[in-house]
Each structure stands twice: as structure tokens, then as C-alpha cells.
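*Asks:* Predicted structure and sequence below. I'll ask about it afterward.
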There are 2 protein chains.
Amino acid sequence: MEISQQLSEIKSSYIREILAATQAPEMLSLAGGLPASELLPVSQLMRAMESLIDTPEVFQYGETIGYKPLLDFLRDKYLHPAEIETMVCTGSQQAIDLIARAYLNSGDIVAMEAPSYLGALQVFGLAQANIKSLEQTRGGPDLNQLEALFSAGSVKFFYCVPDFHNPSGVCWSIETRKVVAQLCTKYGVMLIEDVPYRDLRFSGAELPLVSSFCAEYSFVIRSFSKVVAPGLRLGVVSAPKELLSPLVQIKQVADLHTAVPMQAALLALLKSDEFASHVTLIKSIYHKRYNRLYNALTPLFDEHCQCDPVEGGMFVWLRLLRIDARELTRRLLTKNVAVVPGDVFYRNQQDACEAVRINFSHSSCNKLDIAVEQIKQALSN
Amino acid sequence: MEISQQLSEIKSSYIREILAATQAPEMLSLAGGLPASELLPVSQLMRAMESLIDTPEVFQYGETIGYKPLLDFLRDKYLHPAEIETMVCTGSQQAIDLIARAYLNSGDIVAMEAPSYLGALQVFGLAQANIKSLEQTRGGPDLNQLEALFSAGSVKFFYCVPDFHNPSGVCWSIETRKVVAQLCTKYGVMLIEDVPYRDLRFSGAELPLVSSFCAEYSFVIRSFSKVVAPGLRLGVVSAPKELLSPLVQIKQVADLHTAVPMQAALLALLKSDEFASHVTLIKSIYHKRYNRLYNALTPLFDEHCQCDPVEGGMFVWLRLLRIDARELTRRLLTKNVAVVPGDVFYRNQQDACEAVRINFSHSSCNKLDIAVEQIKQALSN
């Protein structure tokens, strides 16, 4: 049976294929965007699930928008004014998909930085959107390109990951945040601010959300996959109520609602005294791992590759000066080291720069050392 | 911001609006399709969740197709041959949505019985399908209409709920099952067999799945919301591997995968010795409730209404002879009794017969008595 036109627009995720291929125990995978398995707060989650005995209603059908006690808690946590509403999604990935399904028609223009998060590229591809790519600088998107694009009219959304971008690790400067918000307001472009890595800042000062400067034009998407656990599939999307309600309608059709026991367990965890120290712990360990990786890579810079430092998140973006990224990836796979070639993060392959994405959250310092040793050899061959 | 064309095709679910309106403690709701809250296997689920301490990997990212040990268990349980694959979904609702997104283009023809499950009507509406309605008889769809429609060509899917249909309670005869399978095979129409109520048979002999006669042309959608717990949001879809894989691609974009702790807890529950007796218990209690409701309604038959007996499921379908269904619904709401007017289950309001759907699984026998007393009064006014 022929597949739908929309599905023929996307290709299967190369990353998830790599992830499947790298399940072998001997493989040292720096390919995924996985939190450290040994740091997942399993015993805290077990206690949180034990507490569900007091709320048996979580096993019955729930409301599409989410579990009310969790939404109340998050309203306070995020200091949301009355006009902003939040909906729980089956992972933050679903939030992107719901926005697209609620608002996009085939051919509508969506602006994105290039490179960009692959899951968002796939959503907007499935929606048959007209994706316009903006070059990324060290401080965020190229603002001249952005204004030229916005001022030409008809841009519906600007999708962005301003904190520790996937794959590039870039964190937008405060100036860029303000200008982007002004331009969205001026040209009526809706901002989709996706911040899965925001809570993983391990150095530097926290910066305000871009949407804090243009709240009435923004969707903010948060994930609990990076600081709690990905297996729960929990994310939330916040927006002015009238912008959010079409998403609630789509979600009702898509899956009725997200698993309530997971939402209630998340709430118990977020409310627990231990949660803050859990976040502190993972940040400090990711900081150590990042330092180990970055320092080990430094001797290669300028001759073989370049890499900007990062202040958080899970990735560094290694730009290659003398070798093709697919070739490096192939060489490393023969040595049981997996990284992701940069071209998968581009809508148009011809825009791709030669780079690989390297994850530092999922592997120990010793494993990172081994991986860098292999990278050195592969680059020098 | 303008919503997408596809969203403008659907209206918000009246049932979920009623459900929200009937949360008031004084409301006696026979409107929803909820299992009995007091019979949810909460303590069994708590034990199942305790066992997750032994599989901490369920908190990490999982595979899009589902939790492998659960899929292995279900393959044995359903006696699937090697060519049939199963994917776990965020509720069976998601399975319908994924099929539509993977295969339907705007204007494609989908056949459905009328009345039909509202959630499926919404999915196919969102997909901008051309929905063709078939009249339902006591034994299933009108087979002459079905063949006339199929033979005219271009029907892509036939969506059906052959076991204890929502809203009508109809269970297809064995003859109908065989003929529908033959016609699907003959005309190359793909069957979507949605069986959320199949395990809730409380009288009569079990009948084979329609798809058992045309497996290579079928998707089978099963739900764990009715026999385990809806809050978990777990359903599965099974089909020949090449038919299923486009759904896996869409799901990867839609939400990456379904919550793994819920899948693992379900597996522990299904494997436990207690599970069979849980299913026996809920069936016996639903049988009692159905008998109480049906016997109490019987004196009204012929003069005020008609109602065919059912052998399982959660609903009876009360066809009204002297009053409009919306008017009856309104009168009952003033007496704090909620039912669903039948027209919401039709694509075209003008096809609707005057009927109301009454749920018997969620209310005690005493409450059903009170509700019937109010129905009697409302019908006699």
C-alpha cells in the first residue's frame, strides 16, 4: 500500500538507526543524546511511584491537557501569569508535532537555524512546511539573514534551541535573544523556543528565555528527559491560552492524554527535597566529562579540526578541516566508536559543513579518553 | 494565528466536554466509556511498578516500536506468525492516528459503520479523508452496501469495531466476519480492526477476529485501557511487517516512543498469576451491571424506546421512539444524569438515528437503578 505524501517527505532518523546499530556492548557510543544511565534518579523515581498508592485516580482516564496537580506545580515553578497555559505532552517531541499539526498547512514557511535538531526537521518535513534555513553564528542565528527573511513576509514560525543547541552546543547571547524577540513581534512571527538542555548549564550565567521578551508570540517547550529520565516521555508546552487550545484539540485526537502515573511520579519527584541535589550532581558530572573531552581534543585544534567551548548541554560540535565527516564516522565505527556526521542536521545536504556531533553526557571520562584517542588516530590517518 | 486546514475539519469531542462537565460529585455519569474505578487493579499495578527496580534501563530512551520483552510476550500471547509485527502505542487511539498519518492523503476513502467510534471519526476527519458511512445491522455492517462501496473502487481502509461496538454494542456474526474478510481481500481494501472491548465478553461464545480471515490485509488494534487501566495509555497495533513499518516512522516523529516504565509494568501485570482472575472479576461485575440496567429498561421497550441486548463491552444503545435524543439528554442533565446523544457518533448529522449511548461499566447497580428511574420519568414527560 502506498504511503502518504507527507511520510514520503521524511527519511528515517539516521541517529536512531545509529543508536540501534550501536547497542552492541563493545561499541563506545558518543552518538546519541542520552543522559548518563548510571545517574538516572532510579531510586527516587521508585519512591515517587510508590506514592501513587495515595492517588489511585491516576490509573483512570485523565484530562488531555495534563494532570492538574502537576500543572499547578509547574505554574508556580515557572512563575507563569494567568494568561499562559501549559499542556503535558508525551515527550517534548510531541509538542513540536502538535504545534505543526495545529497550525501548519503544506507550504507554510518555518525558519530554523542550520544545523538544527533532527526531530524538529522531521516534524516540519512531515507537515510539508517550507523550511528556510538561517546560518548559525557563535551567538545564535545570523540576525541580518533573520530580518531579511522575516521582512519578506509569510514566515509562520521560527523554531529554535537557544540554550546549548543540538547539535552545535551554541548558547545565544543576551543581545541576540532581545533582537530575535523584537523581530518576532515586529513581523508577527511565532517563536517556538525549545529548551531541553536549559537546566544543564554547568558554567556561565543563566540567560533569560527569548520568549520572556515576546511571551504573547511564543511557545516554550520544556523536556524532563534530560534532568529526570527520558523513558517517562514527559515534556510540556506553554503558550498564551488561545494559542495553546488548538494543540489540546489535536492531542485529544492523537493520544487522548499522556500517561498519568508518569505525570504524578514526576510531580512527586520534582517536589522532593532530593531533586535539587540530583540536578546539581548531574551538572557537575557532565561538566567534568565535558572538560575531559574538550581538553583532550584541544591538541587537534587548528591543524585537524575546530570546536567552540560550551557552557552546558550534552554536545560539542567538531568542525573538520581536512576530512569528510562521513569518512571520519566510518573510520571511527570500525574502531567501535560512534559519533554523528553533521549533514544529518541540515535540511539541505549542500548547506552542511563538515562536522561531527560528539555527546559527552553518556560516557565516563575514561571512555571519553579512549574515544578521543581513536578520533586522533582517525584524523591523522 | 489561523489554525491548520486539517484541524478546522474536526470539532472538539462533545463526549470529552460532557465528561468535563460531569466531574461534579452529584452527577451520575453514564456518558463516558470508563472502566469501573473501584475495580482498577491498583495494588497489582503498584506491585508491578515495584518490580521496575530490577530493570533500570526502562528509565532510559527506548525503542520506537516498543519494549522488547513486552513485544516478545505479546507475540506468544497472540500466537502471531513471524510475518506479523506489533508496535506499542500511547493508547490505541494513537494507533488509529498513526495509520491515518502513514497512509492517508486528503480525499482518500475510508469506510466506517454508522454510528462509529468518535475518536476514529476525528482521526479520519483530521486526515481529511472522504468518510463513507455504512448502515449497521444487528449482525454488523450492511453487506450489500459494503460490497457496492468496495466494488466502486478506491476504498483504502475499512475501519471497524466488530466486538461490542462503541456506541451500539453490536457484535458481528461469524458469517459477517467471513464475508467482510473476503470482500477486503477481493477488493484490496485494508481492514482496521479495532478491538478495545473484545476481552470484555460476559456471555455467548468468543468469535474469531475478522482479521484472522484476511491477516495480510489487516491492522489489528488492541487496548489495555479496558482490562488493565486507561491512565497508562497503552495499546498495540499488529500488522504484516511491511505494513507496520511506516507507522513506526511516523511514531518516531510523533513522540519517539511510549513511556517504557508503563510498558514494563504492564508486562509484569500480564505475567502475574492474578491477572486472569482480575479479568474474570471485572467481566462478572460488568455482566451484573448490564443485566440490572437492561432489565430495568425493559418495561420501557416498544412504547418509548428499543434496545438490543449485548454480550459484552460497556454500552447499550437506546433507540428512542417518541423523543429527540438531545432533548432527552438535556432533561436528564437537569436531573444530574449524563448520557451521550447518538448524533455525535455520526459523520453526517442527517444520518443519525434518535438514540442515546448508556454506559454500564462505570456505575454501581444502585446508581444504574437511579439513572433508569430518571430515564423513565424523562421519557414519560
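*Replies:* Nice, I can see it. Numbers count the residues shown, from 1 in each chain, chains lettered A, B, ... in the order given.
*Asks:* and the helix or strand containing A:Q145, anywhere near chain B?
*Replies:* Take DSSP states H and E as the rule and A:Q145 turns out to sit in helix A:143-151. No. For helix A:143-151, no contact with chain B is found by Cβ under 8 Å from any Cβ of the partner chain; the gap never falls below 15.3 Å. For every residue, glycine as well, the C-beta is placed using N, CA and C.
*Asks:* Show me what the helix or strand following that helix is packed against.
*Replies:* Remark: after helix A:143-151, the chain's next helix or strand is strand A:155-160, criterion DSSP H and E. In this structure, strand A:155-160 packs against helix A:92-103, strand A:109-114, helix A:143-151, helix A:174-187, strand A:190-194, with contacts taken as 3 or more Cβ pairs under 8 Å, 6 or more residues apart in numbering or on different chains; DSSP states H and E.
*Asks:* angle of the shortest one against helix A:174-187?
*Replies:* Read that as strand A:190-194. Here the directions of strand A:190-194 and helix A:174-187 differ by 150 degrees (axes from the mean of the first three to the mean of the last three Cα atoms, to 10 degrees).
*Asks:* what's next to strand A:190-194, contact-wise?
*Replies:* Contact with strand A:190-194 is made by A:92, A:96, A:99, A:103, A:117, A:120, A:156-162, A:180-181, A:184, A:209-211, A:214, A:217-221, A:243, B:1, as judged by Cβ atoms under 8 Å, 6 or more residues apart in numbering or on different chains.
*Asks:* Quick one: find the helix or strand in chain A with the lowest mean pLDDT.
*Replies:* Within chain A, no helix or strand scores below helix A:14-21, which has a mean of 64 by mean pLDDT, DSSP states H and E.
*Asks:* Dump the helices and strands packed on strand A:155-160 to a markdown table, plus distance to B:E50, mean pLDDT and mean neighbour count.
*Replies:* Listed next are the helices and strands packed on strand A:155-160 as a markdown table, based on distance: least, Cβ to Cβ, whole Å; pLDDT from 0 to 100; neighbours: other Cβ atoms under 10 Å in any protein chain shown:
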| stretch | distance to B:E50 | mean pLDDT | mean neighbour count |
| --- | --- | --- | --- |
| helix A:92-103 | 28 | 98 | 27 |
| strand A:109-114 | 44 | 97 | 24 |
| helix A:143-151 | 52 | 98 | 16 |
| helix A:174-187 | 45 | 98 | 18 |
| strand A:190-194 | 35 | 98 | 25 |
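*Asks:* Buried residues, stretch A:118-135. List them.
*Replies:* Neighbour counts using 16 or more other Cβ atoms under 10 Å in any protein chain shown place A:118-134 of stretch A:118-135 among the buried residues.
*Asks:* first vs last residue of that stretch, how far apart are they?
*Replies:* Distance across stretch A:118-135, first residue to last, is 16 Å (Cα to Cα, to the nearest Å).
*Asks:* try stretch A:76-87
*Replies:* OK, stretch A:76-87 end separation, Cα to Cα: 14 Å.
*Asks:* again, but for stretch A:152-163
*Replies:* In stretch A:152-163, first residue to last residue: 27 Å (Cα to Cα).
*Asks:* before we move on, back to that, what helices and strands are in contact with the helix or strand that comes right after the least confident helix or strand of chain A?
*Replies:* With elements assigned by DSSP H and E, the helix or strand that comes after helix A:14-21 is strand A:28-29. Identification of packing neighbours for strand A:28-29 by 3+ Cβ pairs under 8 Å, 6+ apart yields strand A:337-338, helix A:365-380.
*Asks:* and among these, the most buried is which?
*Replies:* strand A:337-338 (a mean of 24; mean count of other Cβ atoms under 10 Å in any protein chain shown).
*Asks:* Which elements pack onto the helix or strand just after it?
*Replies:* With elements assigned by DSSP H and E, the helix or strand that comes after strand A:337-338 is strand A:340-341. Applying 3+ Cβ pairs under 8 Å, 6+ apart, one finds that strand A:340-341 contacts helix A:14-21, helix A:325-334, strand A:355-359.
*Asks:* what's near enough to touch A:A48?
*Replies:* Neighbours of A:A48 in contact, by Cβ under 8 Å, 6+ apart: A:A265, A:L266, A:A268, A:L269, A:S272.
*Asks:* hmm, try it at 6 Å
*Replies:* Counting by Cβ atoms under 6 Å, 6 or more residues apart in numbering or on different chains, A:A48 touches A:A265, A:A268, A:L269.
*Asks:* which one of the residues you listed has the most neighbours?
*Replies:* Looking at the contacts of A:A48 with neighbours defined as other Cβ atoms under 10 Å in any protein chain shown, the largest count falls to A:A265 at 28 neighbours.
*Asks:* from what I can see it touches A:R47, true?
*Replies:* No. The pair A:A265 / A:R47 is not scored as a contact, 9.2 Å apart, by Cβ atoms under 6 Å.
*Asks:* what are the phi and psi angles of the residue nearest to A:N166 when sequence neighbours are not counted?
*Replies:* Nearest residue to A:N166 in three dimensions, chain neighbours excluded: A:Y117, at 4.9 Å (Cβ to Cβ, 6 or more residues apart in numbering or on different chains). With angles defined as degrees, to the nearest 10, A:Y117 sits at phi -60, psi 130.
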